[in-house]
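Asker: Below: sequence and its predicted model.
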Protein chains: 2
Amino acid sequence: MKACGLIVEYNPFHNGHVYHLEQSKQETQADVMVAVMSGSFLQRGEPAIIDKFHRAKAALTSGVDILLELPYVYAVQYADLFAKGAMLQLDGLNVDDVCFGSEEGNIEPFLEGYDHYLQEKSLYQSTLHKYLDDGLSFPQASKKAYESINLTQGEIDLSQPNNILGFSYVKAVKELKSSINPRTIRRTKSGYHDPKIEHEIASATSIRNEILTSQEMTRNAINALPQSTTDQLLAYQQKSGSWHSWESYFPYLQLIVHTRSVEELSQIHGVIEGLEYRLKQTVQEAENFEQWMHLLKTKRYTWTRLQRMFAHILTNTTKNEVNEFDQLEQAPYLRILGMTDNGRNYIKSIKKDLEIPIFSNLQEHQHDMLNIEERATNAYYAPIPTPKRKQLKKQELTGPIKLF
Amino acid sequence: MKACGLIVEYNPFHNGHVYHLEQSKQETQADVMVAVMSGSFLQRGEPAIIDKFHRAKAALTSGVDILLELPYVYAVQYADLFAKGAMLQLDGLNVDDVCFGSEEGNIEPFLEGYDHYLQEKSLYQSTLHKYLDDGLSFPQASKKAYESINLTQGEIDLSQPNNILGFSYVKAVKELKSSINPRTIRRTKSGYHDPKIEHEIASATSIRNEILTSQEMTRNAINALPQSTTDQLLAYQQKSGSWHSWESYFPYLQLIVHTRSVEELSQIHGVIEGLEYRLKQTVQEAENFEQWMHLLKTKRYTWTRLQRMFAHILTNTTKNEVNEFDQLEQAPYLRILGMTDNGRNYIKSIKKDLEIPIFSNLQEHQHDMLNIEERATNAYYAPIPTPKRKQLKKQELTGPIKLF
């Protein structure tokens, strides 16, 4: 069976994702579609609008065959580390292709860009380190370094956000010496950058904005989503009492920052360059999460960087923990959140070749990385009233979802 | 001016406290009544039903002239350390007498008991350490040690709870070589041990039980309280949205225990003898605070001990911090929560003799002990919705209440 890998967040799974899924399947002629998805917290540092199990169900009903969990230590990270973590999972499950959406829409410029990058790697790295030493974040320094080797013109334009992510995927495949074949399809432009929903294909951001503001499924949102997602959004809202956004975590973050010392805060991943003092100063003033973000934000500390930092504060993820994992050359385990019958058949067919253990719930296995996953889940569910919280938590122990 | 000191919690200030206040004033012929009161969290480890400022106001309206704050590091402690911390404050403010309620009602047996204790101190201490080594808590081991030197019969019966506390006061006065004269009045027995309110003099526990259960001021509760307390309970409920009890802190405690490692938890004061593992095991099961307490409770870990531990977990109070303060021989500062005109005149009259600085709010002073107070306040207000929380917090910065 031929398998195609996708790297996704599905926050939530919408018509644009359906398009990506169908195009990728057609492009690669795959028999089975394997998606690796971030879990409770996302790449830009936000809590997912509904939990990973409900997001997985929506995707499994709409064409994905296997849903793998991207571990927290890779999910809530800048593009290179996010890409590496995702590729470790897909490589572990022996997929043939990985197919990502990009502005470019053609894989050649990515591959040529990578060759160019290899030739200029020493200039890239010296520029990168210069800007990192100047205090820029990794993505900011990385952008400067790409500019220095002309990767914002020429082979590929790495000033386009989805091109950056795609280039990180290609880099990860090459650096891990994976046999996965990278492919890309052109993103459908329709409505992608609209802040509001204007088409049946709309951005996840615009869909979240709309339903979080109105606290209900509007006609516009329903039109931009497959039925399975609308069902799961409603089911989750019923089970938990509400959808997730940073605001409901504000009292928890405030308590943590109030009660932990600056020394303790400085051990948290993402709390760098004296941000621990800035956190202590601003916590007095802020009356809600958004206000706090505005008080913290500067040119250096981007919104995304600060949100990721808050995710790490909430989950108590330390610098030491992240350092332990970012050097891995192989996934320590594969975590299956859910699968269809077709997905199960694929796993059966490759089982004898698998080098990495498959974990399907938190109960039967022990691993430091899995402990972080459990902390992330507990932190994610914190604002939900007990006993609803306990009920939702059970999904971690009973998994995976089986759609057959 | 002659000053009489009282050591109190006023949770809330009730008719029994009025009686104690009036009897003490009469007994000592004092011109000014100075009470040292625990703040956000109490000796038995509970969050106070309303904040310290509202409790202070009720007492100032009903006859107390100066309200001093007992620092958190002494307040949430076993009798000996609680007594020492309180006496450091009263001694700092040059009071002449301290007058406490006891079953005994006569100071002579306490003084004779203390002489007896001094003679037998080596046996007391060897017995104490034997039981501490066996893993008993300090109060349990201390009780055994008092038994070993016959202080549960003979001079004084230290199996009676209020006698134990009184004996700790006498011990503190003597060990600090304070010039304060210890006095005692007999507690009014009326209704003190009733779990329900049956008289106009009722226990603070029965009053709290009644109003927390019904979430309103019942006729019984009103009858057991001076009007000023009823007013302050209602005013606080209006400002904060609700009265405080452990249940509303459950999600915060759960998040902390879920996300912090056993090593981190073991650094918290009160997390001893492997309780960090027990906390981690039981947090999965518990659906509310009371259930969690029942899962944790054993003969060794009393309810009080566990509640104190939870207060330290919530406020992130470490073993190192408490060790730093429990050896002090003088209060580092006196914190005045509120005063009447009479109280102000007393302070004027003694000001030139004072050796210790007087602090009246958190804004103008810096001290490690004051930082812990601020953490305790922030932790205490955590379950209150913002911006109500921010509004209440301001009381710490505008300090002291002036009833003139």
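Answerer: Here it is on my side, so go on.

Asker: Within range of chain B, give me the residues from the stretch 301-404 of chain A.
Answerer: With CB under 8 Å from any CB of the partner chain as the criterion, the stretch 301-404 of chain A meets chain B at residues A:314-316, A:374-375, A:378-379, A:382-383, A:386-387, A:389-390. (Glycine included, C-beta is placed from N, CA and C.)

Asker: Walk me through the domains of chain A.
Answerer: Chain A is divided into the following domains under automatic domain parsing: A:3-103+A:186-245+A:329-403, A:119-158, A:248-320.

Asker: ok, back up a step: the residues of the stretch 301-404 of chain A next to chain B: which two are farthest apart?
Answerer: Across those, the longest distance by CB to CB is 24.0 Å; it joins A:316 and A:387.

Asker: Of the two, give the one with the bigger neighbour count.
Answerer: The neighbour comparison of residue A:316 against residue A:387 (other CB atoms under 10 Å in any protein chain shown) goes to residue A:316, with 24 against 11.

Asker: Point out the ones among the residues of the stretch 301-404 of chain A next to chain B that are inside helices.
Answerer: Here DSSP state H is the test, and these give A:314-315, A:374-375, A:378-379, A:389-390 as lying in helices.

Asker: Now, of these, which are buried?
Answerer: A:314-315, A:374-375, A:378-379, A:389 (16 or more other CB atoms under 10 Å in any protein chain shown).

Asker: of those, closest to chain B?
Answerer: Nearest to chain B, judged by CB to the nearest CB, of these is residue A:378 at 3.8 Å.

Asker: Wait, the closest one touches residue B:257, no?
Answerer: No - at 9.2 Å, residue A:378 does not count as touching residue B:257 under the criterion of CB atoms under 8 Å.

Asker: Can you give me the pLDDT of the residue in the stretch 51-200 of chain A that chain B sits nearest to?
Answerer: Relative to chain B, the nearest point of the stretch 51-200 of chain A is residue A:72 (11.9 Å; CB to the nearest CB). Turning to residue A:72, the model gives it a pLDDT of 97.

Asker: wait, what's in contact with it?
Answerer: Contacts for residue A:72 were tallied using CB atoms under 8 Å, 6 or more residues apart in numbering or on different chains; they are A:39-41, A:315, A:317, A:372-373, A:376.

Asker: Could you pull out the strands in the stretch 151-300 of chain A for me?
Answerer: A:181-186 (DSSP state E, counting those that start in this stretch).

Asker: which sections of it are below the confidence cut-off?
Answerer: The stretch 151-300 of chain A contains residues with pLDDT under 70 at A:189-194.

Asker: follow-up on the earlier one: same list (the contacts of residue A:72) but as a markdown table, adding pLDDT.
Answerer: Conversion of these to a markdown table gives the following (pLDDT from 0 to 100):
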| residue | pLDDT |
| --- | --- |
| A:39 | 97 |
| A:40 | 97 |
| A:41 | 98 |
| A:315 | 98 |
| A:317 | 97 |
| A:372 | 95 |
| A:373 | 94 |
| A:376 | 97 |
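
Asker: Residues of chain A that sit close to chain B?
Answerer: Residues of chain A that fall close to chain B, judged by CB under 8 Å from any CB: A:250-252, A:254-255, A:258-261, A:264, A:287-288, A:314-316, A:374-375, A:378-379, A:382-383, A:386-387, A:389-390.

Asker: and residue A:101, what are its bridge partners?
Answerer: Judged by DSSP bridges, the bridge partners of residue A:101 are residue A:185.

Asker: who's in contact with the closest residue to residue A:357 other than its chain neighbours?
Answerer: With sequence-adjacent residues excluded and distances taken as CB to CB, 6 or more residues apart in numbering or on different chains, residue A:357 is closest to residue A:333, at 5.1 Å. Taking CB under 8 Å, 6+ apart, we find residue A:333 in contact with A:356-359, A:365, A:367, A:369-370.

Asker: cool, and residue A:14?
Answerer: With CB under 8 Å, 6+ apart, residue A:14 has these contacts: A:201-202, A:204, A:207, A:224-226, A:229.

Asker: switch to 6 Å and redo it
Answerer: For residue A:14, the contact set (CB atoms under 6 Å, 6 or more residues apart in numbering or on different chains) comprises A:207, A:224-225.

Asker: quick one: which of the residues you listed is nearest chain B?
Answerer: Of all the contacts of residue A:14, chain B sits closest to residue A:207, with 27.6 Å by CB to the nearest CB.

Asker: Please report how far the closest residue in space to residue A:140 that isn't next to it in sequence lies from residue A:78.
Answerer: Leaving out its chain neighbours, the residue that sits closest to residue A:140 by CB to CB, 6+ apart is residue A:131, at 6.9 Å. To residue A:78, residue A:131 is 14 Å away according to CB to CB, to the nearest Å.
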